[in-house]
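Peer 1: coordinates only, sequence not included:
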Ligand SMILES: [Zn+2]
């Protein structure tokens, strides 16, 4: 695995996707204009539920100029792109999302916080372009084998003893969810590629008997193969410039694309 910075991504997906046997690894954006924002509001209103993940989908499907071999010039193209996004890796979708933020809003990121050096509430400033992006060296890097500490009964007479884990796919693991408890559960389901060496996708009932220690180990392993952006940002006190901290950032559209938290 190698680590690059968001500002050096330059329109190349960290993992890339294969559709119909063709590999796609590039992306580009239209400028984020008033008319694009209006279009995005329409797409959001048409969505069934209004979750953070759908906000990311809507934004990208409207703003991507070219993605997975499709030039985005009509509503049909937008829907095709939205479908390709569902099949893309979490790493790639979030990298595009952050890249759009960097390109169209700029690198400055503001968060209200407390500075122990100034000893008062302060506006903390970060640089989105410095966000670390984990990039796999090759395809082998994407998968891990896991032996369950406590094997569990699996669909009748079988016993689930080992699992192969791969990077989360956006549509399976993230779309339509908004709560952390869902994220963990869906991340596990979305990461399992095979069971006992045989290719399978699991449903929730298959893992009801899974022990907590196995689930925790799996979540750690998924962290290793998910790649893409570190969802944390380094911040400095805007007044004294001496206090430095690292915070998880809120990636919801309203927060991430809005500079209103500037104080
Ligand atoms: Zn300070």
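Peer 2: The structure has been received and is ready for your questions. Model, not experiment: these values are computed from the prediction.
Peer 1: Now do the contacts for residue 245.
Peer 2: Counting by Cβ atoms under 8 Å, 6 or more residues apart in numbering, residue 245 touches 113, 124, 234-235. From N, CA and C alone the C-beta is placed, and that goes for glycine too.
Peer 1: Tell me how many other residues surround residue 13.
Peer 2: 23 (other Cβ atoms under 10 Å).
Peer 1: Please list all residues in contact with it.
Peer 2: Residues counted as contacts of residue 13 (Cβ under 8 Å, 6+ apart) are 24-27, 88-89, 91-92, 95-96.
Peer 1: With respect to residue 188, which of these is nearest?
Peer 2: Closest to residue 188 out of the contacts of residue 13 is residue 89 (16.1 Å), distances taken as Cβ to Cβ.
Peer 1: OK, contacts around that closest one?
Peer 2: So residue 89 contacts 13-15, 17, 167-170, 226-228 (Cβ under 8 Å, 6+ apart).
Peer 1: among those residues, which are in strands?
Peer 2: Those of the contacts of residue 89 mapping onto strands are 13-15, 17, 228, per DSSP state E.
Peer 1: Let's have the residues you listed in a markdown table, adding distance to the ion and pLDDT.
Peer 2: Formatted as a markdown table, those follow (distance: Cβ to the ion, whole Å; pLDDT from 0 to 100):
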| residue | distance to the ion | pLDDT |
| --- | --- | --- |
| 13 | 38 | 97 |
| 14 | 34 | 96 |
| 15 | 39 | 96 |
| 17 | 43 | 93 |
| 228 | 31 | 95 |
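Peer 1: Mind picking the two most distant members of those residues?
Peer 2: Going by Cβ to Cβ, the pair spanning the ones in strands among the contacts of residue 89 furthest: 17 and 228, at 13.0 Å.
Peer 1: on that earlier part again, out of the contacts of residue 89, who's nearest residue 108?
Peer 2: Ranked by distance to residue 108 (Cβ to Cβ), those are led by residue 228 at 22.0 Å.
Peer 1: what pLDDT does residue 262 get?
Peer 2: At residue 262 the predicted local confidence, pLDDT, stands at 47.
Peer 1: Give me the buried stretch members for stretch 224-244, please.
Peer 2: Within stretch 224-244, the residues that count as buried by 16 or more other Cβ atoms under 10 Å are 225-229, 233-238, 243.
Peer 1: related to what we said a few turns ago, keep only those of the contacts of residue 13 that are in strands.
Peer 2: Using DSSP E, the contacts of residue 13 in strands are 24-27.
Peer 1: which of those are buried?
Peer 2: Among the ones in strands among the contacts of residue 13, the ones that count as buried by 16+ other Cβ under 10 Å are 24, 27.
Peer 1: Between the ones in strands among the contacts of residue 13, which sits nearest residue 205?
Peer 2: Closest approach between the ones in strands among the contacts of residue 13 and residue 205, by Cβ to Cβ: residue 24, at 34.1 Å.
Peer 1: hey, what's that closest one bridged with?
Peer 2: For residue 24, the beta-bridge partners are residue 17 (DSSP bridges).
Peer 1: Give me the common contacts of residue 17 and residue 228.
Peer 2: With Cβ under 8 Å, 6+ apart, residue 17 and residue 228 have common neighbours 89, 92.
Peer 1: returning to that earlier point: in terms of distance to residue 134, which of the contacts of residue 89 ranks first?
Peer 2: The closest of the contacts of residue 89, once distances to residue 134 are taken by Cβ to Cβ, is residue 227, at 4.5 Å.
Peer 1: need the contact list for that closest one.
Peer 2: Each residue near residue 227 by Cβ under 8 Å, 6+ apart is listed here: 1, 14-15, 89, 91, 133-136, 142, 167.
Peer 1: one more time with 6 Å, if that's ok
Peer 2: Residues in contact with residue 227, defined by Cβ atoms under 6 Å, 6 or more residues apart in numbering, are 14, 91, 134, 136.
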